[in-house]
Each structure stands twice: as C-alpha cells, then as structure tokens.
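In: pasting the sequence and the predicted coordinates here, then a few questions.
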Amino acid sequence: MTSVVTDSPFVRACRGLDVPHTPVWFMRQAGRSLPEYRKIRAGIGMLDSCRRPDLVTEITLQPVRRHNVDAAILFSDIVVPIAAAGIDLDIVAGTGPVVAAPIRTADDLVRLRPITLDDVGFVAEAVRQLVGELGPTPLIGFAGAPFTLASYLIEGGPSRTYLKTKAMMYGAPELWNALLSRLADITLAFLRTQIEAGVSAVQLFDSWAGALSEADYREHVLPHSARVLQGLADAGVPRIHFGVGTAVLLRAMGEAGADVVGVDWRTPLDQATEIVGPERSLQGNLDPAILFAGWEVVRREADRVLEQGRAAPGHVFNLGHGVMPETDPDILTRLVAHVHEASGRA
Ligand SMILES: Cc1c2[nH]c(c1CCC(=O)O)Cc1[nH]c(c(CCC(=O)O)c1C)Cc1[nH]c(c(CCC(=O)O)c1C)Cc1[nH]c(c(C)c1CCC(=O)O)C2
C-alpha cells in the first residue's frame, strides 16, 4: 500500500483521524444503476464477469470515474469464494444466488472444501490491476460473513424467514458450528488474498444477521465472524463490519473485531455511536430510497446524516444499504459533491 492511499480521507476516517472532508462511497456503486455497466455486462453472466480481471477492473473503475467517490469497491460477489470452494451455484438476475444442492447434513459438508490461492487467482489479478489504475484512490476488498453465506447455502437461495437456517442453528449446533467454521476459513483466506494483492480496507458483509436476537448472534455467529476479523488484526488495513436491520447487534458487531461498524438507515448515527462506543468509526447511513425523493430532500437528509455522524470518532458517508438499480446516477454524483462540500474543512 502506498503512503498516499494510507493518507486518503477514506482510510483516515476509518481510523478515526482528522480528514479534509467526509469520505463517501456507495455499497453497490458498481452495478445496474450505471448504463455503462449494463452495456459492458450484456450477454455475460454475473459469475463469469467476476472471473475476468479485465472486466472486473473496468466495472470497478466506472463509478470512480463517474461519481468521484473516495473509494472503489472490488466488483465481485459474496458467493464467488464459495463457488471457488466447489459449490455448484449461480447468480440469477433479479433473484440473487441460487445453490443447486443446498447444505443440510454433515455429509453435504464435504462439498465445501477449503480454498487456496489458485482457486481465486483471478481476484488477486484483478486487485493488482486495479491498485495500479486507481493511484491514490483506495480499493475496498470484501467477503460475506459466515452467517450470511450459510443462509444461502442452507436455504438454497434468498429467504425472508431463514427458517431452515435457524432450524439448523437451534437444532443441530454441531453441524452449524462445523459449517460456519468452514465458511470462516474460506472467508479469511479470501480476504487475505485480497489484502496481499493490495486492497486498502476490507468489508465483511453480514447482510442478513439482523434476523437474529443479540443473544443468538453472540452465541451462534459472533465467534465465527470474530475469527475472521481478528484473524486480520495484523494485516494493517481497516476492517468494516456491516449488516442490515442490526440496531440491536451494533455493539456486538463492533466487538467482533471491526474498526468501522456499518449502520443501516434505521439507527441515527449519533445513537449508533452511543451503542458502539467511542473506539470505532461508523459508516452509513442514508436510506437508499431517499434518492428517489428529489434533490432537496436528498440534500436535507444528507446534511442530517453528516451532522449525526459528527458524534463518531470517524465517519465514512454511505447509504444504509446498496444502491437500488433504478437510482438516477446523476443524483449519486451530485450527492458525492455535496458531501465533500458540506463537510469540507478548507
Ligand atoms: C447479500 C449480498 C450478495 N452480494 C453481496 C451481498 C452483500 C451486500 C448486500 O447486502 O447487498 C455483495 C456484492 N455484490 C456485488 C457487489 C459489488 C461491489 C459493489 O458495487 O458494491 C457486492 C459488494 C455485485 C452484484 N451482485 C449481484 C449483482 C446484480 C447482478 C447483475 O448485474 O446481473 C451485482 C452487480 C447479484 C446479487 N448477489 C447477491 C444478491 C442479493 C444479488 C442481487 C440479486 C438481484 O436483485 O439481481 C448476494
């Protein structure tokens, strides 16, 4: 990592250091809201495109060029490493990941093998290309957390109730821990690969952990996520930990070993700082739906998020979840400029 990147507003805010302006990027900034993305992806499957370093590089750069965001996020998906680990799956447009044969028994577990660098060499290559192209702009690597990955593997696809996932968690704790432990190994190896190739920060997505109570999260999930995050403690890059609907989990998600806790739009950032404590920065948390309400509302709500974010030791401006495909990209560009201007200490 070059010192320019280490000194970027994004990395500094993650570390709670002073910044010239509040840094901003958007979850799912690389994707379907951009016409140039839809054009380059035409006729190429999602997983195939994640395996082509030239395509990954171009798609990752698109939102950086267009919006002037303070960080790039690697174009990939949370199921890429589990596909590399031998699981037959597809990412179906409009649905999400679909697993051909879900994992429900101890015998099924053998289909999920550990990954080596060779299995995800295409990701390392894309990261190296990107670091060269991005210059001073930091690149964020990412992975899915064990619980969120397990939910896809057990359910076989997206779920609203997580019925089979919770049935295993409560009813077969040994199998549950064996599965999450394997997923933690894969996630840790996958994030290490990205860090060694040059990413400047990592985000662990536990998008669906909000389905759990704090007690169940602490007992059945936190130890596995903590093994991933604490396993990266010596890697020298900030670790962001994010989930949706996690108001009651924010403290535990920080304690798992994060430098930055990602917050959705339901919890105001000043309140989130009281819950998380003064040692960790926050990321978030404009409701992605607000981007459809007209510029005056966007500006007012962005100012509120900036104001409430001042309570945290460091604030990385983001949405409370990913950019929706129907979002007008010009609003995102305008929002980046506004966040920079309104927070500028010049
Ligand atoms: C849960 C989850 C997944 N994938 C991811 C998560 C965690 C983040 C979150 O909570 O939103 C993470 C992810 N997926 C993608 C990125 C790329 C980087 C970025 O711009 O943030 C990231 C960080 C690309 C993608 N991942 C996916 C797309 C759309 C596929 C396409 O363009 O055909 C993109 C750009 C597909 C996908 N993959 C997944 C879902 C739910 C979907 C959406 C299904 C749909 O509505 O079509 C699983």
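Out: Received the coordinates, thanks.
In: I'd assumed Val237 was in contact with Arg192.
Out: No: applying CB atoms under 8 Å as the test, Arg192 and Val237 come out as separate, 10.7 Å apart. Any C-beta I mention is one placed from the backbone N, CA and C, and that applies to glycine too.
In: neighbour count winner among the two?
Out: Just comparing Arg192 and Val237: by other CB atoms under 10 Å the higher neighbour count belongs to Val237, 23 against 17.
In: check the secondary structure at the more buried one for me.
Out: Of the three states, Val237 takes coil according to DSSP: H, G, I helix; E, B strand; the rest coil.
In: excluding chain neighbours, what is closest to it?
Out: Ala201 (5.2 Å; CB to CB, 6 or more residues apart in numbering).
In: per-residue confidence averaged over stretch 249-269?
Out: Throughout stretch 249-269, pLDDT has a mean value of 98.
In: picking up where we left off before, how far away is the residue nearest to Val237 from Ala211?
Out: 26 Å (CB to CB, to the nearest Å).
In: can you pick out the residue with more neighbours from the two?
Out: Between Ala201 and Ala211, Ala201 has the larger neighbour count (other CB under 10 Å), namely 26 against 21.
In: tell me the bridge partners for the more buried one.
Out: Following DSSP bridges, Ala201 is listed with bridge partners Ile140.
In: residue boundaries of the helices in the stretch 151-300 of the chain?
Out: For the stretch 151-300 of the chain, applying DSSP state H, counting those that start in this stretch gives helices covering 163-171, 173-197, 214-216, 222-230, 250-255, 269-276, 295-309.
In: what distance separates the second one from the centre of its chain?
Out: From the chain centre to the centre of helix 173-197 is a distance of 15 Å (CA atoms, centre = their mean, to the nearest Å).
In: same check on the third one?
Out: A distance of 22 Å separates the C-alpha centroid of helix 214-216 from that of its chain, computed with CA atoms, centre = their mean.
In: count the residues that sit near the spatially closest residue to Asp259 that is not a sequence neighbour.
Out: Distances taken as CB to CB, 6+ apart put Pro238 closest to Asp259, at 4.4 Å, once the chain neighbours are dropped. Close neighbours of Pro238, defined as other CB under 10 Å, add up to 25.
In: surely Pro238 meets Gly257?
Out: No: the pair Pro238 / Gly257 is not scored as a contact, 11.5 Å apart, by CB under 8 Å.
In: tell me which of the helices of the stretch 151-300 of the chain sits nearest to Arg51.
Out: Minimum separation from Arg51 across the helices of the stretch 151-300 of the chain (CB to CB) falls at helix 173-197, 14.0 Å.
In: between that closest one and helix 222-230, how many degrees?
Out: Interaxial angle of helix 173-197 relative to helix 222-230 (axes from the mean of the first three to the mean of the last three CA atoms, to 10 degrees): 10 degrees.
In: what's near enough to touch the residue of the stretch 101-250 of the chain found nearest the ligand?
Out: Here the residue of the stretch 101-250 of the chain nearest the ligand is Ser207; by CB to the nearest ligand atom that distance is 3.1 Å. Ser207 makes contact with Ile78, Gly144, Thr148, Phe242, Gly243, Val244, His321 under the criterion CB atoms under 8 Å, 6 or more residues apart in numbering.
In: from Leu109, how far out is the fourth one?
Out: As judged by CB to CB, Phe242 and Leu109 stand 27 Å apart.
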